[in-house]
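Trainee: this one's sequence-less:
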(Lines give C-alpha, C1' and ligand atoms only; values in the text may rest on other atoms or scores of the structure.)
Protein backbone atom coordinates (compact mmCIF):
# COMPACT_ATOMS: atom_id res chain seq x y z
CA UNK A 1 0.00 0.00 0.00
CA UNK A 2 1.41 3.37 -1.04
CA UNK A 3 2.00 6.01 1.59
CA UNK A 4 -0.30 8.90 2.35
CA UNK A 5 1.11 11.95 0.50
CA UNK A 6 1.70 14.05 3.63
CA UNK A 7 3.41 11.17 5.41
CA UNK A 8 5.44 10.39 2.28
CA UNK A 9 6.75 13.97 2.13
CA UNK A 10 7.64 13.98 5.81
CA UNK A 11 9.45 10.63 5.53
CA UNK A 12 11.53 11.98 2.65
CA UNK A 13 12.33 15.06 4.74
CA UNK A 14 13.32 12.79 7.63
CA UNK A 15 15.87 11.03 5.44
CA UNK A 16 17.35 14.47 4.77
CA UNK A 17 17.39 15.25 8.51
CA UNK A 18 19.07 11.94 9.36
CA UNK A 19 21.71 12.43 6.67
CA UNK A 20 22.28 16.00 7.86
CA UNK A 21 22.72 14.58 11.36
CA UNK A 22 25.51 12.33 10.09
CA UNK A 23 27.01 15.29 8.23
CA UNK A 24 26.94 17.46 11.37
CA UNK A 25 28.50 14.71 13.47
CA UNK A 26 31.23 14.08 10.90
CA UNK A 27 31.93 17.82 11.03
CA UNK A 28 32.30 17.46 14.79
CA UNK A 29 34.67 14.52 14.22
CA UNK A 30 36.88 16.84 12.19
CA UNK A 31 36.76 19.48 14.94
CA UNK A 32 37.67 16.98 17.66
CA UNK A 33 40.53 15.47 15.62
CA UNK A 34 41.96 18.96 15.06
CA UNK A 35 41.72 19.57 18.82
CA UNK A 36 43.55 16.32 19.60
CA UNK A 37 40.47 14.80 21.22
CA UNK A 38 40.46 11.46 19.43
CA UNK A 39 38.10 9.82 21.93
CA UNK A 40 35.42 12.44 21.30
CA UNK A 41 36.08 12.07 17.58
CA UNK A 42 35.50 8.31 17.93
CA UNK A 43 32.27 8.92 19.86
CA UNK A 44 31.00 11.26 17.14
CA UNK A 45 32.06 8.81 14.42
CA UNK A 46 29.88 6.16 16.02
CA UNK A 47 27.08 8.73 16.30
CA UNK A 48 27.37 9.61 12.60
CA UNK A 49 27.29 5.93 11.62
CA UNK A 50 24.16 5.45 13.69
CA UNK A 51 22.50 8.36 11.88
CA UNK A 52 23.30 6.76 8.53
CA UNK A 53 21.56 3.61 9.76
CA UNK A 54 18.54 5.71 10.72
CA UNK A 55 18.42 7.25 7.24
CA UNK A 56 18.60 3.75 5.74
CA UNK A 57 15.66 2.58 7.86
CA UNK A 58 13.49 5.39 6.47
CA UNK A 59 14.86 4.89 2.95
CA UNK A 60 14.06 1.18 3.00
CA UNK A 61 10.63 1.74 4.51
CA UNK A 62 9.59 4.06 1.69
CA UNK A 63 10.74 1.51 -0.89
CA UNK A 64 8.98 -1.34 0.90
CA UNK A 65 5.77 0.66 0.70
CA UNK A 66 6.09 0.90 -3.09
CA UNK A 67 7.20 4.50 -3.26
CA UNK A 68 10.38 6.15 -4.57
CA UNK A 69 12.65 8.06 -2.24
CA UNK A 70 13.16 11.70 -3.20
CA UNK A 71 16.55 12.73 -1.88
CA UNK A 72 16.97 16.39 -0.98
CA UNK A 73 19.94 18.72 -0.73
CA UNK A 74 21.76 18.63 2.59
CA UNK A 75 22.61 21.71 4.60
CA UNK A 76 25.05 22.29 7.44
CA UNK A 77 25.18 25.52 9.35
CA UNK A 78 28.21 25.11 11.59
CA UNK A 79 31.66 23.57 11.24
CA UNK A 80 33.56 25.05 14.19
CA UNK A 81 32.98 25.03 17.94
CA UNK A 82 34.69 27.03 20.68
CA UNK A 83 34.85 24.05 23.01
CA UNK A 84 33.89 20.40 23.36
CA UNK A 85 31.03 21.53 25.61
CA UNK A 86 29.65 23.78 22.86
CA UNK A 87 29.88 20.93 20.32
CA UNK A 88 28.00 18.52 22.58
CA UNK A 89 25.44 21.20 23.48
CA UNK A 90 24.82 21.64 19.75
CA UNK A 91 24.56 17.86 19.37
CA UNK A 92 21.94 17.77 22.14
CA UNK A 93 19.98 20.63 20.56
CA UNK A 94 20.10 18.78 17.25
CA UNK A 95 18.86 15.55 18.83
CA UNK A 96 15.99 17.50 20.40
CA UNK A 97 15.18 18.88 16.92
CA UNK A 98 15.17 15.32 15.52
CA UNK A 99 12.91 14.18 18.36
CA UNK A 100 10.45 16.89 17.37
CA UNK A 101 10.53 15.70 13.75
CA UNK A 102 9.95 12.07 14.81
CA UNK A 103 7.03 13.20 16.98
CA UNK A 104 5.57 15.11 14.01
CA UNK A 105 5.87 11.98 11.88
CA UNK A 106 4.14 9.92 14.56
CA UNK A 107 1.26 12.42 14.75
CA UNK A 108 0.70 12.14 11.00
CA UNK A 109 1.01 8.33 11.00
CA UNK A 110 -1.69 8.17 13.70
CA UNK A 111 -3.80 10.79 11.91
CA UNK A 112 -3.81 8.80 8.63
CA UNK A 113 -4.06 5.39 10.35
CA UNK A 114 -0.78 4.11 8.89
CA UNK A 115 0.01 1.28 11.29
CA UNK A 116 3.19 0.07 9.56
CA UNK A 117 4.61 3.61 9.82
CA UNK A 118 3.58 3.74 13.48
CA UNK A 119 5.51 0.51 14.16
CA UNK A 120 8.61 1.99 12.51
CA UNK A 121 8.21 5.26 14.38
CA UNK A 122 7.70 3.52 17.75
CA UNK A 123 11.31 2.33 17.42
CA UNK A 124 12.49 5.86 16.63
CA UNK A 125 10.58 7.38 19.56
CA UNK A 126 12.44 5.05 21.94
CA UNK A 127 15.72 5.63 20.09
CA UNK A 128 15.43 9.39 20.54
CA UNK A 129 14.97 9.05 24.29
CA UNK A 130 18.26 7.12 24.32
CA UNK A 131 19.97 9.62 21.99
CA UNK A 132 19.05 12.64 24.11
CA UNK A 133 20.04 10.83 27.30
CA UNK A 134 23.46 9.80 25.96
CA UNK A 135 24.35 13.24 24.64
CA UNK A 136 22.83 14.94 27.68
CA UNK A 137 25.08 12.95 30.01
CA UNK A 138 28.17 14.08 28.09
CA UNK A 139 26.99 17.71 28.27
CA UNK A 140 26.44 17.32 32.01
CA UNK A 141 29.91 15.82 32.51
CA UNK A 142 31.61 18.48 30.38
CA UNK A 143 29.79 21.18 32.36
CA UNK A 144 31.10 19.70 35.61
CA UNK A 145 34.64 19.35 34.27
CA UNK A 146 34.83 23.01 33.33
CA UNK A 147 38.41 23.99 32.53
CA UNK A 148 40.00 20.88 34.05
CA UNK A 149 42.43 19.52 31.49
CA UNK A 150 42.76 16.28 33.43
CA UNK A 151 38.99 15.84 33.49
CA UNK A 152 38.78 16.47 29.76
CA UNK A 153 41.49 13.89 29.06
CA UNK A 154 39.72 11.31 31.22
CA UNK A 155 36.38 11.92 29.51
CA UNK A 156 38.03 11.83 26.09
CA UNK A 157 39.46 8.39 26.89
CA UNK A 158 36.10 7.13 28.13
CA UNK A 159 34.21 8.40 25.08
CA UNK A 160 36.81 6.78 22.82
CA UNK A 161 35.59 3.34 23.87
CA UNK A 162 32.30 3.78 22.00
CA UNK A 163 31.95 1.75 18.82
CA UNK A 164 29.01 1.52 16.48
CA UNK A 165 27.50 -1.94 16.34
CA UNK A 166 24.46 -2.23 14.10
CA UNK A 167 21.58 -4.27 15.51
CA UNK A 168 21.55 -7.87 14.14
CA UNK A 169 18.39 -7.28 12.08
CA UNK A 170 20.11 -4.35 10.35
CA UNK A 171 23.13 -6.47 9.43
CA UNK A 172 20.88 -8.94 7.63
CA UNK A 173 19.30 -6.18 5.54
CA UNK A 174 22.56 -4.34 4.81
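Mentor: Arrived safely. Quick caveat: nothing in here was measured; it's all calculated off a predicted structure. Residues are numbered from 1 along each chain as shown.
Trainee: Every contact and neighbour count from this point should use C-alpha atoms.
Mentor: Fine.
Trainee: Go ahead and flag the most central residue of the chain.
Mentor: residue 51 (4.3 Å; Cα atoms, centre = their mean).
Trainee: what about the one helix or strand it maps to, average pLDDT?
Mentor: In the assignment (DSSP states H and E), residue 51 maps to helix 38-64. Mean pLDDT, computed over helix 38-64, is 97.
Trainee: Buried residues in the next helix or strand after it, which are they?
Mentor: Toward the C-terminal end, the helix or strand that comes next after helix 38-64 (DSSP H and E) is helix 84-111. Across helix 84-111, burial judged by 16 or more other Cα atoms under 10 Å covers 84-85, 87-92, 94-96, 98-99, 101-103, 105-106, 108-109.
Trainee: can you pull the contacts of the residue nearest to the centre of the chain?
Mentor: The neighbours of residue 51, taking Cα atoms under 8 Å, 6 or more residues apart in numbering as the test, are 18-19, 21-22.
Trainee: rerun that using 10 Å as the cut-off
Mentor: 15, 17-23, 25, 45, 57 (Cα atoms under 10 Å, 6 or more residues apart in numbering).
Trainee: and residue 124, what element?
Mentor: helix 115-145.
Trainee: rewinding a little: mind listing what's buried along the helix holding residue 51?
Mentor: Buried residues in helix 38-64, counted by 16+ other Cα under 10 Å: 38-59, 61-62.
Trainee: now that helix against helix 115-145, angle please.
Mentor: Helix 38-64 runs at 170 degrees relative to helix 115-145, counting by axes from the mean of the first three to the mean of the last three Cα atoms, to 10 degrees.
Trainee: how about the closest residue to residue 117 other than its chain neighbours, what does it touch?
Mentor: In space, residue 117 comes closest to residue 109 once its chain neighbours are excluded; the distance is 6.1 Å by Cα to Cα, 6 or more residues apart in numbering. Contacts for residue 109 (Cα under 10 Å, 6+ apart) come out as 3-4, 6-7, 103, 115-119, 121.
Trainee: now do residue 24
Mentor: Contact analysis of residue 24 by Cα under 10 Å, 6+ apart lists 18, 30, 44, 48, 75-79, 90-91, 94.
Trainee: Can you tell me which of those is nearest residue 159?
Mentor: residue 44 (9.0 Å; Cα to Cα).
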